[in-house]
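Chemist: Return a 3D structure for these sequence lines:
(one chain, ligands or ions: 1)
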Amino acid sequence: MSSKSSTNFSSPDGLVESPFRLAAADMLPQSSGPIPSPHFPLPNAMRSETEASFSDEPFSIPVADRVKRLPPYLFGKINKLKHKKRQDGIDVIDLGMGNPTDPPEQFIIDKMIESLSDARNHRYSVSNGVENLRREVAKRYDRKYGVKLNAASEVIACIGSKEGFSHMCLALMGPGDTAIVPAPTFPIHSYSVMLASGNVIALDVRKPDEFLSNIAYTCEHLFPKPKLVIVNFPHNPSGTCIEQDFYVDLVALAKKYGFLVISDFAYADICYDNYKAPSFLATPGAIDIGVELTTMSKGYSMAGWRIGYCCGNAEMVRALGTIKGYYDYGIFQAIQISAIVAMRHGDESIDRLCEEYQRRRDVLVDGLTRQGWEIEAPKAGMFVWAKVPEPWAEMGSINFAMKLLNEAGVAVSPGRGFGEEGEGYLRLAIVENAQRLRQAVREIGRCLKPESAVA
Ligand SMILES: Cc1ncc(COP(=O)(O)O)c(C=O)c1O
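Modeler: Next up is the predicted model:
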């Protein structure tokens, strides 16, 4: 019997026949003996840190054009240095990423442990999210924003909101389509459009009224008109916030010019000073033209669990579901069950978390302001967006961030990493506790003081 005919082509998971298995078997030498086991060496040493998997090196293998079209990754240099310092045993106060250092509430972890013991939870789940989870998301929207959603057709669970966001772009965009994205730009807002072969127009969001009139202007003058407008309030990185009126105007523009809207509402839960971030979906007519992404990464400190939601227009949700149906088998069911419990019983813990983030915000903003930095305290989100102080403005945000990392041991994100509009600024994530933030302020002050005096 030839090696080919002895190969079992039925898939071990009983789902699909893999063309790759057939191709691999075809490549093996034809012999009557046992099939030799090929040895494929691992291409690289395993990388231990998330950021280490990014590189600013050019691609040297002939990757697809959609990958080549991506702009250089501007955080590469700083991430490499941070990684190196950690390897050398140097304590880095990491304010670089909005990656919460706090664990989720204990009742969520307990539910997860209990769910792990149930054998039924270890199978593939459904790609859209289990029914009870989608129902809980709908209930939460009603409770928080007065938005009534049909859990079956207007809610879908995602492997983190970033996955849902990027696959939604893939579902909507193609060659020749244009999306308006917020500037400064959270990288995935433009990368997802580019990966879907679409074009990007980045408009400054820091003055929301001007952002709206620039959307209208672009729609009047561009042909074909933009197909999609991406909004993200509370905004990462600038912390810009809006009120519900903004969405009323946006929906009116969308209906006038015929564009779709994706609202990235990742920082919905993290608000301060009695500000309540409005939901796009709470605007009359919003559901006719758009969707909104929410996440459990921030308000529930479940970033590593990878769970978020896309809600809104049923056709858009269905398109995302179709793409996801091909790409994934859903979120680990134990996580979905824990997420249901988190949403049912977690409102108070979100309030406590907001108080904690507000304390941290105040430590950082007050401390740096005392040193002469120009900062507006954000009303929401997990970031402080700070102007590079005058004596160092000329060196550019990337070099200034490298200096803070090298000389103060504090990692921050340079504004330039969020596009040209971010130049001149730094983004500092308030993910470390208040004591560490005080230490960061002290170290920054110590590192800049002598030069400031000279300048
Ligand atoms: C604006 C924005 N959108 C989306 C995400 C991704 O969130 P998730 O963890 O749900 O994928 C983040 C994470 O930092 C973010 O800042």
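
Chemist: Which single residue of the stretch 301-450 of the chain approaches the ligand most closely?
Modeler: Of all residues in the stretch 301-450 of the chain, G308 sits closest to the ligand, at 3.9 Å by C-beta to the nearest ligand atom. Using the backbone N, CA and C atoms, a C-beta is placed for each residue, glycine as well.

Chemist: can you pull the contacts of the nearest residue in space to that residue that is not next to it in sequence?
Modeler: Excluding its sequence neighbours, the residue lying closest to G308 (C-beta to C-beta, 6 or more residues apart in numbering) is S161, at 3.3 Å. Contact analysis of S161 by C-beta atoms under 8 Å, 6 or more residues apart in numbering lists D264, A266, L293, T294, T295, S297, G308, Y309, C310.

Chemist: Among those residues, which pair sits farthest apart?
Modeler: S297 and C310 (14.2 Å; C-beta to C-beta).

Chemist: Looking at these two, which has the bigger crowd around it?
Modeler: Set S297 next to C310 and count neighbours by other C-beta atoms under 10 Å: C310 wins out with 29 against 24.

Chemist: tell me the secondary structure for the more buried one?
Modeler: Recorded secondary structure, C310: strand (DSSP: H, G, I helix; E, B strand; the rest coil).

Chemist: ok, it - contacts?
Modeler: Contacts of C310 (C-beta under 8 Å, 6+ apart): V155, I156, C158, S161, G164, F165, M168, V291, E292, L293, V317, L320.

Chemist: now I444
Modeler: L368, Q371, L404, A408, V410.

Chemist: thought the third one was touching I398?
Modeler: Going back to what we said before, that points to L404. No. Taking contacts as C-beta atoms under 8 Å, L404 lies outside contact range of I398: 11.1 Å.

Chemist: So the two - more neighbours on which side?
Modeler: Neighbour count, other C-beta under 10 Å: between L404 and I398, L404 has more, with 25 against 18.

Chemist: Could you pull up the residues touching that one?
Modeler: Contacts of L404 by C-beta under 8 Å, 6+ apart are V410, A411, V412, L426, I444, C447.

Chemist: Only the buried residues of the strand or helix carrying the last one, if you could.
Modeler: For C447, the element it lies in under DSSP states H and E is helix 434-454. Residues of helix 434-454 classed as buried under the neighbour-count rule (16 or more other C-beta atoms under 10 Å) are R436, L437, Q439, A440, V441, E443, I444, G445, C447, L448.

Chemist: now do stretch 279-290
Modeler: Buried positions in stretch 279-290, judged by neighbour count with 16+ other C-beta under 10 Å: S279, F280, L281, A282, T283, A286, I287, I289, G290.

Chemist: Kindly report the same for stretch 111-131.
Modeler: Buried residues in stretch 111-131, counted by 16+ other C-beta under 10 Å: K111, M112, S115, N121, S125, V126, S127, N128, G129, V130.

Chemist: Between all of the residues you listed, which two are separated the most?
Modeler: Comparing the members of those, the greatest separation, given C-beta to C-beta, is between K111 and S127, at 22.3 Å.

Chemist: closest point of the stretch 1-150 of the chain to the ligand, which residue?
Modeler: The minimum distance from the stretch 1-150 of the chain to the ligand, using C-beta to the nearest ligand atom, falls at G98 (4.1 Å).
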